[in-house]
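S.K.: sharing a model that was predicted from the sequence below.
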Amino acid sequence: MDSRLVKGYASGILSAVAYGTNPLFGKRLFQEGMTPGAVLFYRYFLAALLLGGYLCLTRQPLAVSRKRLPALALAGVLLFFSGLFWFMGFREMHSGIGATILFVYPALVAATMFLFYGEKCPVRTMAGGLAALGGVALLCLGGEGQVTLRGVSLVLLSALSYALYMVELKVSRRLQGLAAGPLTFHAMVFSLPLFFLSMLLAKEGLQGIPSGNAWGNLLGLALLPSFLSYTLLAVSIALVGPTKTAILGALEPLTAVVLGILAFQEPVTWQGALGFLVVIGAMLCVIHQGKGDSSPS
């Protein structure tokens, strides 16, 4: 397999695993009384600091041309809606069920790329995506959990925002040639005023950080599902395309469920074990399809 594809698939897998740690840190912060708006503001503020520091240490340029700013601002808006709706949604339901619903985003990515940009989806990639969706359903729906119309609606809106973010990174001409680090940094910076505004509109105000444990969980959110995940996501999209990157995202709910079992003592079921195997098989199917294919799809 071409080295660019290897890097692209590896980046997509690591991005998905890192993003799947969201509920691990977020639930603990909610248990300490923090609101979604405050959690997300601190998350992206700390992530931008970490990423900006990394870019400075590695001597990567932070400055971007003015013509890129509208596209970066749109990326920031999509990050804002994706994060806010996801955190509001999984407060109202079992994290596994929320992760299942969120996983409609690969279908939204594939549909958008097909309908508006003429991208064809190979049969094996499509089969891998369907298998991954089935595996995620088995993985996450094996246990009991409360589902509300409000919660489902919020997670679906998060999925749509995340899908559009992935598509924009691939198709926006103004973002072509911009390295993953600076791209992610500026998208995060543009999202920060929106999180602050959302707190003002909700009449919440900016909460203080209540404890040392909360600091640790906020740093975890900033490092894993933000700095690391979004940067690797941009790398993967550039190398293998948004559709395959989205399908690799099946590892996000898998990670969320495994961490739920380990950290929150959520039950293990035979459906979950079978779903685990189906998801891994789907990932291998998608990656194998990329052998000998040097063009992202």
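M.R.: That came through, no problem. Every value quoted in this text rests on a predicted model; they were computed, and no experiment measured them.
S.K.: could you point out which element follows the helix or strand encompassing Phe190?
M.R.: Here Phe190 sits within helix 180-201, counting by DSSP states H and E. Proceeding N to C from helix 180-201, the next assigned helix or strand is helix 212-222, under DSSP H and E.
S.K.: show me what that following helix is packed against.
M.R.: Counting contacts by 3 or more C-beta pairs under 8 Å, 6 or more residues apart in numbering; DSSP states H and E, helix 212-222 packs against helix 22-31, helix 36-57. Glycine gets a C-beta too; all of them are placed from N, C-alpha and C.
S.K.: next, the angle from it to helix 180-201.
M.R.: 130 degrees (axes from the mean of the first three to the mean of the last three C-alpha atoms, to 10 degrees).
S.K.: buried set for the helix or strand that helix 212-222 is followed by?
M.R.: Using DSSP H and E, the next helix or strand after helix 212-222 towards the C-terminus is helix 229-240. Using 16 or more other C-beta atoms under 10 Å as the test for burial, helix 229-240 gives Ser229, Tyr230, Thr231, Leu232, Leu233, Ala234, Val235, Ser236, Ile237, Ala238, Leu239, Val240.
S.K.: which residues are contacting helix 229-240?
M.R.: Applying C-beta atoms under 8 Å, 6 or more residues apart in numbering, the contact partners of helix 229-240 are 4-5, 7-9, 11-12, 14-16, 18-19, 47, 51, 79, 166, 169-170, 180-181, 183-184, 187-188, 245, 248, 290, 296-297.
S.K.: buried subset of those residues, written for PyMOL?
M.R.: Command for PyMOL, covering only those of the contacts of helix 229-240 found buried under the criterion 16+ other C-beta under 10 Å:
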select buried, resi 5+7+8+9+11+12+14+15+16+18+19+47+51+79+166+169+170+180+181+183+184+187+188+245+248+290+296+297
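S.K.: Pro61: which element?
M.R.: Counting by DSSP H and E, Pro61 is found in no helix or strand.
S.K.: ok, how many other residues are close to the closest residue in space to it that isn't next to it in sequence?
M.R.: In space, and not counting its chain neighbours, Pro61 is closest to Pro182: 6.6 Å by C-beta to C-beta, 6 or more residues apart in numbering. Pro182 is flanked by 21 other residues according to other C-beta atoms under 10 Å.
S.K.: please name the residues that touch Phe85.
M.R.: Taking C-beta under 8 Å, 6+ apart, one finds Leu154, Val155, Leu157, Ser158, Ser161 in contact with Phe85.
S.K.: and the helix or strand it falls within, how far from the chain's centre?
M.R.: Phe85 belongs to helix 69-90 when assigned by DSSP H and E. Computed by C-alpha atoms, centre = their mean, to the nearest Å, the chain-centroid distance of helix 69-90 equals 11 Å.
S.K.: tell me the average confidence for that helix?
M.R.: Here helix 69-90 scores 93 as its mean pLDDT.
S.K.: okay, the angle between that helix and helix 229-240?
M.R.: 120 degrees.
S.K.: mind listing what's buried along helix 69-90?
M.R.: Per 16+ other C-beta under 10 Å, helix 69-90 contains these buried residues: 71-72, 74-90.
S.K.: that one vs helix 36-57, what angle?
M.R.: 140 degrees.
S.K.: what angle separates helix 69-90 from helix 22-31?
M.R.: Using the same axes, to 10 degrees: helix 69-90 against helix 22-31 is 70 degrees.
S.K.: what about dumping the CA coordinates of helix 69-90 to CSV?
M.R.: Output of helix 69-90 as CSV, limited to C-alpha atoms (Å, rounded to 0.1, in the frame of the first residue of the first chain):
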residue,chain,number,x,y,z
LEU,A,69,-10.3,33.4,6.7
PRO,A,70,-13.9,32.9,5.5
ALA,A,71,-13.4,29.2,5.1
LEU,A,72,-11.6,28.9,8.4
ALA,A,73,-14.5,30.9,10.1
LEU,A,74,-17.0,28.4,8.6
ALA,A,75,-14.9,25.5,9.9
GLY,A,76,-15.0,27.1,13.3
VAL,A,77,-18.8,27.5,13.2
LEU,A,78,-19.2,23.8,12.2
LEU,A,79,-16.9,22.8,15.1
PHE,A,80,-19.0,24.9,17.4
PHE,A,81,-22.3,23.3,16.5
SER,A,82,-20.9,19.8,16.4
GLY,A,83,-19.4,20.0,19.8
LEU,A,84,-22.3,21.9,21.5
PHE,A,85,-25.0,19.6,20.1
TRP,A,86,-23.0,16.4,20.9
PHE,A,87,-22.4,17.4,24.5
MET,A,88,-26.0,18.5,25.1
GLY,A,89,-27.2,15.3,23.5
PHE,A,90,-25.2,12.7,25.4
